[in-house]
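> 3D model of this:
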Amino acid sequence: MARSGKQSRPKPIVLVTIEGFGIAAASDGNIISRAKIPYIDHVSGTYPAGLLSATSESETGYSVIGTGRKQESVFELINHACSAANLASLDSFKKLLEIIRPLNKIHLSGLLSNSQEEASSEHLYCLLNFLRKEFPEKELIVHAILDGQVSAPTAGERLVRELNAFISSLGNCRIATMIGRFYALDNRNNSARTKKAAQLLLSGEGRLIEDPETALAQSYDNKIFDEEFSAARIAGEGAQLAETDALIFWNHKGQDFAPLIKEIRSAKPNLQLISLSDYGLEYVLPLFKAGSVEASLGSSLARNGMHQLRLADSGSFIGISSWLDDGAAVNEGIDRRLIPLSTNQSIGDAMIESIKETKKQFIDAVHNAHYDFIAVGFSQLDVLAHRGLEAELKEALESLDDALRLMMEALDRAGGAALITSTHGFVERLIDPSTGMISKHHSSNPVPLYVIGRRFQGYNLGWPEAVGGDLSMLNPIGSLADIAPTILKMAGAPIPKEMTGRNIITS
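The predicted model follows:
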């Protein structure tokens, strides 16, 4: 390959993020290597392609991409605060104490999972210890949401047993309700499911069980696992939410909580709502926030008068529309389009339809020629991988490959250029080689970076080249923090001093 020469600014510049698309050597557990993806294979040998080191969390990945710098995640902030046992010294916790002091009961709700991607039992234990120390007289009531999607399908039984053992030492603390995330954390706009979870907390509507561990064992015998565990209340009075109570959500990643929180808020508008991290809801007090930055990719492009479009399905929408700018409200010159997920199809079919609709709206936007920058997010692979749906995942991957081909062909006709990457890995190690079982955890593998556009075809950017297009043989050329400076350089916009990443298209 020859080195490319200086070119004028492409329009539009496009960033495509594919959640869960990491790079690893071919194997039975690597769905990417097993799928038929001729376009991605073509891109690997035709355009500049390399590896970037990545985070294992979607939220952090998007933030690093958008802010152009490595940063401490909210999860790490919470860990540090809990280990230092200094919660009472934090301003947000001082405010929490003021809010809770005149109230009656303290309710806590969140995901019980043996993965730490969305929630951590250690964070729940930290909160319970803090609240018991500060309010020894108040009742602590736990409303558990069972995972089974990110964690093992029967992990709930052990997690509930461990939680029961922990809270027994606190006194005046109990688990009051249990329900699967299929109902409580629905991200497909299925209001009927969300209402079941809300009514469990609001009025105790659910089957009565005496012992949660026994109920879980019986549920597993009936082939109903954690994710779809139906609404259940545990024997005991006074567990319903009242407007004289406080409700604290312990997930450190809580975007899927929004429908449930809105349902509760509608029924109990004066109920005090608190979250461990920022869920993006103005009426919920966040206890931790990642350090904000003065400049992000979106704000930098907006300051230079560039029109932007953020386009994604519901799984990636918050990442594309908010996390990409570190949660800042960047609105000037930015349009946002959410691709809804069908609730009338199987999850596999719904994912494929959302890929097709995203492709269609992207092509329409490129033809419109209004936008200088388009960010597109695909979460479908990540969603299906979390459910361990191997066949559906392979089909969605092949559908995405075809969609990318058509999207990039339209972009080429318009004279644009694109960077295609991922926030984290997952699909490339769906089956854990150490156990031979399906994994439901993100990986820490590097992610690809493809630079696509007429001006880049056949050129070398000084990156190491992979023999036969096999990127797994390469070392990373940079990190996700390099994407924002690279896009700004392509756009002819200044790179803010806050961005410690570098432009990796040096030609």
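> right, and residue 236 touches residue 176 too?
Yes: if you go by Cβ atoms under 8 Å, residue 236 and residue 176 touch, sitting 6.4 Å apart. C-beta coordinates here come from the backbone N, C-alpha and C atoms, glycine included.
> Look at those two and report which has more neighbours.
In this view residue 236 and residue 176 are compared by other Cβ atoms under 10 Å, and residue 176 has more residues nearby, 26 against 13.
> doesn't residue 241 make contact with the more buried one?
No: if you go by Cβ under 8 Å, residue 176 and residue 241 don't touch, sitting 10.2 Å apart.
> Report the set of residues contacting both of these two.
Listed contacts common to residue 176 and residue 241 are residue 107; contacts here mean Cβ atoms under 8 Å, 6 or more residues apart in numbering.
> what ranges do the strands span in the stretch 51-200 of the chain?
For the stretch 51-200 of the chain, the strands defined by DSSP state E, counting those that start in this stretch cover 106-112, 140-146, 173-180.
> Now render those strands as CSV, adding mean pLDDT and distance to residue 221.
Shown next, in CSV, are those (pLDDT from 0 to 100; distance: least, Cβ to Cβ, whole Å):
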stretch, mean pLDDT, distance to residue 221
strand 106-112, 98, 20
strand 140-146, 98, 16
strand 173-180, 97, 16
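> Which among those is found nearest to residue 460?
Among those, strand 106-112 comes nearest to residue 460, with 45.9 Å by Cβ to Cβ.
> Indicate each strand paired with that closest one and its parallel or antiparallel sense.
Strand 106-112 has the following strand partners under DSSP bridges: strand 140-146 (parallel), strand 246-249 (parallel).
> in it, what's buried?
Buried residues in strand 106-112, counted by 16 or more other Cβ atoms under 10 Å: 106-112.
> do the same with stretch 73-88
Neighbour counts using 16+ other Cβ under 10 Å place 73-75, 77-79, 81-82, 87 of stretch 73-88 among the buried residues.
> Please enumerate the strands of the stretch 251-400 of the chain.
Ranges of strands in the stretch 251-400 of the chain, per DSSP E, counting those that start in this stretch, are 272-275, 285-286, 308-313, 334-339, 373-378.
> which secondary structure elements does the second one contact?
For strand 285-286, the contact count by 3 or more Cβ pairs under 8 Å, 6 or more residues apart in numbering; DSSP states H and E identifies helix 91-100, strand 272-275 as packing neighbours.
> Would you tell me which one of those is buried the most?
With neighbours taken as mean count of other Cβ atoms under 10 Å, the helices and strands packed on strand 285-286 reach their highest mean count in strand 272-275, at a mean of 20.
> which residues touch it?
If you take Cβ under 8 Å, 6+ apart as the criterion, strand 272-275 is touched by 96, 99-100, 103, 245-249, 251, 254, 257, 261, 264-265, 281, 283-287.
> go with 6 Å
The contact list for strand 272-275, computed with Cβ atoms under 6 Å, 6 or more residues apart in numbering, reads 99, 246-249, 254, 284-286.
> Mind telling me the two of those farthest from one another?
Farthest-apart pair in the contacts of strand 272-275 is 99 and 254; separation 18.5 Å (Cβ to Cβ).
> pLDDT below threshold where in this structure?
For the chain, applying pLDDT under 70 flags the ranges 1-7, 291-293, 329, 507.
> Dead centre of this structure: give me the residue that sits there.
For the chain, the residue nearest the mean C-alpha position is residue 58 (4.2 Å; Cα atoms, centre = their mean).
> Touching, that residue and residue 422? I think so.
No: under the criterion of Cβ atoms under 6 Å, residue 58 is not in contact with residue 422, lying 9.7 Å apart.
> How many neighbouring residues does residue 207 have?
By other Cβ under 10 Å, 10 other residues sit near residue 207.
> Could I get the phi/psi values of it?
Main-chain torsions, residue 207, degrees, to the nearest 10: phi -70, psi 150.
> who touches residue 462 in this structure?
Contacts of residue 462 by Cβ under 6 Å, 6+ apart: none found.
> What distance do you get for it to residue 32?
For residue 462, the distance to residue 32 (Cβ to Cβ, to the nearest Å) stands at 26 Å.
> Next: residue 360.
Separation of residue 360 from residue 32 (Cβ to Cβ): 24 Å.
> So if I had to pick from the two, which one is more boxed in?
residue 32 (25 against 14).
> Which of the helices or strands spans that one?
Per DSSP states H and E, residue 32 falls inside helix 31-34.
> ok, residues contacting that helix?
Under Cβ under 6 Å, 6+ apart, the answer for helix 31-34 is 26, 393-394, 427-428, 430.
> which element follows it toward the C-terminus?
Using DSSP H and E, the helix or strand that follows helix 31-34 towards the C-terminus is helix 38-46.
> Show me the longest helix that occurs in this structure.
Using DSSP state H to define each element, the chain has its longest helix at helix 390-414.
> and it, how far from the chain's centre?
Helix 390-414 sits 21 Å away from the centroid of its parent chain (Cα atoms, centre = their mean, to the nearest Å).
> Next one: the closest residue to residue 335 other than its chain neighbours from residue 76, what distance?
Excluding the flanking residues, the one nearest residue 335 by Cβ to Cβ, 6 or more residues apart in numbering is residue 309, at 5.0 Å. For residue 309, the distance to residue 76 equals 32 Å [Cβ to Cβ].
> Repeat that for residue 93.
Using Cβ to Cβ, we find residue 93 at a distance of 18 Å from residue 76.
> Residue 46 too?
Distance of residue 46 to residue 76, computed by Cβ to Cβ: 39 Å.
> tell me the secondary structure for residue 433?
Using DSSP: H, G, I helix; E, B strand; the rest coil, the secondary structure recorded for residue 433 is coil.
> What residues are bridge-paired with the residue nearest to residue 335?
residue 335, residue 374.
> Please tabulate the helices and strands packed on strand 285-286 in CSV, including the columns distance to residue 148.
Output for the helices and strands packed on strand 285-286, formatted as CSV (distance: least, Cβ to Cβ, whole Å):
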stretch, distance to residue 148
helix 91-100, 30
strand 272-275, 22
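> Of the ones you listed, which is nearest residue 223?
Comparison of the helices and strands packed on strand 285-286 against residue 223 by Cβ to Cβ identifies strand 272-275 as nearest, at 33.6 Å.
> what's the burial count for the residue nearest to residue 35 when sequence neighbours are not counted?
Of all residues not flanking residue 35 in the chain, residue 397 sits nearest, at 4.5 Å (Cβ to Cβ, 6+ apart). Using other Cβ under 10 Å, residue 397 has 25 neighbouring residues.
> Hmm, residue 38 and residue 397 touching each other?
No: using Cβ under 6 Å, residue 397 makes no contact with residue 38, being 11.9 Å away.
> Look up how far residue 132 lies from residue 124.
Counting by Cβ to Cβ, the separation of residue 124 from residue 132 is 12 Å.
> Between these two, which has more neighbouring residues?
Using other Cβ under 10 Å as the criterion, residue 124 and residue 132 rank with residue 124 on top: 24 against 18.
> returning to that earlier point: the helix holding residue 32: how far from the chain's middle?
The chain centroid and the centroid of helix 31-34 are separated by 22 Å under Cα atoms, centre = their mean.
> in that helix, what's buried?
31-34.
> could I get these as TSV with distance to residue 448?
Shown next, in TSV, are the buried residues of helix 31-34 (distance: Cβ to Cβ, whole Å):
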residue	distance to residue 448
31	15
32	10
33	13
34	17
